[in-house]
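# below is the sequence, then the predicted model.
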Amino acid sequence: MQRGKKSNFDDINRKCSISRYRVMRANSRNKKRSLSKKHPTYGPYEKYFKRLIDCTLAFIALVMLTPALVVIAVLVWIKIGTPILFIQRRPGINEKLFKLYKFRTMNDKRGKDGKLLPDSERLTSFGQKLRYTSLDELPELLNIIKGDMALVGPRPLLISYLPYYTNEERQRHSVRPGLTGLAQIHGRNNLGWTERLAYDIKYVNKITLLNDCKIIFSTIKKVLKHNDVVSDGNYIMQNLDDERKM
């Protein structure tokens with residue numbers, strides 16, 4: 001009897017395992033389908049000219065700003081140390097990972113336990129000025145030339161956010177991430193996550209030369225006026241994954 005009961009339990013466990021496996025495979029197929037869904041280009045600008053214009057403008061800007069980039073790099077080396085660049089993997093078009101480049105704004109000071117100190121304690125005064133003027137973002141011009149990014153598009157966010165997007169929000173990854181975007185000229189970090197991601201989808205659904213020009217000029221205006229720029233290390237915007245776990 002005991003052997004018969006054990007056999008029945010084994011059969012039940014095996015069937016449950018098979019069911020779980022089938023569910024996992026179905027979910028995986030659905031995710032792949034969602035990712036493989038081709039982004040419908042809005043018009044000829046997005047299809048034929050946007051990448052060429054992005055690459056050309058980024059190259060011109062990089063050449064013109066080379067003296068400034070060298071000065072900033074030397075100052076980062078003197079005031080913060082090496083490495084000069086902050087490099088982090090971020091999801092780009094079709095959620096493919098790439099290395100994002102920025103100037104470092106924080107040091108690597110650690111506590112007695114060997115762990116890094118909070119951002120507010122590691123953000124240097126020089127790094128704060130870089131953030132305030134958005135100069136820390138300039139190395140992303142290299143990302144644009146490499147093809148990782150565009151001048152305008154949804155900002156590249158953390159890898160850990162990927163499981164927490166809705167199906168609609170995941171469409172932000174159907175285009176290249178941008179140096180600036182629609183959300184950045186409508187409040188930047190002052191927006192809540194749902195509203196911020198909604199602006200990303202609004203942009204993705206209608207990519208035009210006129211819209212890109214408006215966003216670029218609005219960004220320049222905001223940078224010069226220092227509007228919506230959060231440079232204070234004490235300011236903490238809740239991470240998307242933490243917010244949606246609740």
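Cool, got the structure.
# poorly predicted segments of this protein, please.
Scanning the chain for pLDDT under 70 picks out 1-37, 227-237.
# could I get the full set of strands for it?
Using DSSP state E, the strands of the chain run over residues 85-91, 97-103, 150-152, 178-180.
# give the other helices and strands that the third one contacts.
Of the remaining helices and strands, those touching strand 150-152 by 3 or more Cβ pairs under 8 Å, 6 or more residues apart in numbering; DSSP states H and E are helix 50-64, strand 178-180, helix 209-225. (Each C-beta comes from the backbone N, C-alpha and C, glycine too.)
# now for the longest one, which elements pack on it?
The helices and strands touching helix 209-225, judged by 3+ Cβ pairs under 8 Å, 6+ apart, are strand 150-152, strand 178-180.
# can you check the shortest one too?
Identification of packing neighbours for strand 178-180 by 3+ Cβ pairs under 8 Å, 6+ apart yields helix 140-146, strand 150-152, helix 209-225.
# turn the ones you listed into CSV, including distance to residue 79.
Formatted as CSV, these follow (distance: least, Cβ to Cβ, whole Å):
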stretch, distance to residue 79
helix 140-146, 21
strand 150-152, 29
helix 209-225, 22
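# got TSV for those, with mean neighbour count and distance to residue 89 too?
Listed next are the helices and strands packed on strand 178-180 as TSV, based on neighbours: other Cβ atoms under 10 Å; distance: least, Cβ to Cβ, whole Å:
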stretch	mean neighbour count	distance to residue 89
helix 140-146	20	12
strand 150-152	25	18
helix 209-225	15	25
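# who's in contact with the most centrally placed residue in the chain?
Centroid-nearest residue in the chain, with Cα atoms, centre = their mean: residue 156, separated by 1.6 Å. Residue 156 sits next to 90, 91, 92, 98, 100, 149, 177 when contact means Cβ atoms under 8 Å, 6 or more residues apart in numbering.
# filter those residues to the buried ones?
Neighbour-count burial (16 or more other Cβ atoms under 10 Å) is assigned, among the contacts of residue 156, to 90, 91, 92, 98, 100, 149, 177.
# which of those sit farthest apart?
The distance between the two most remote of the buried ones among the contacts of residue 156 (Cβ to Cβ) is 11.7 Å, for 91 and 149.
# before we move on, back to that, can I get the contacts of residue 156 in TSV including distance to residue 46?
Output for those, formatted as TSV (distance: Cβ to Cβ, whole Å):
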residue	distance to residue 46
90	22
91	20
92	16
98	20
100	23
149	15
177	15
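# residue 97 touches residue 90, doesn't it?
Yes. If you go by Cβ atoms under 8 Å, residue 97 and residue 90 touch, sitting 7.0 Å apart.
# hey, what's in contact with both of those two?
By Cβ under 8 Å, 6+ apart, residue 97 and residue 90 have these common neighbours: residue 159.
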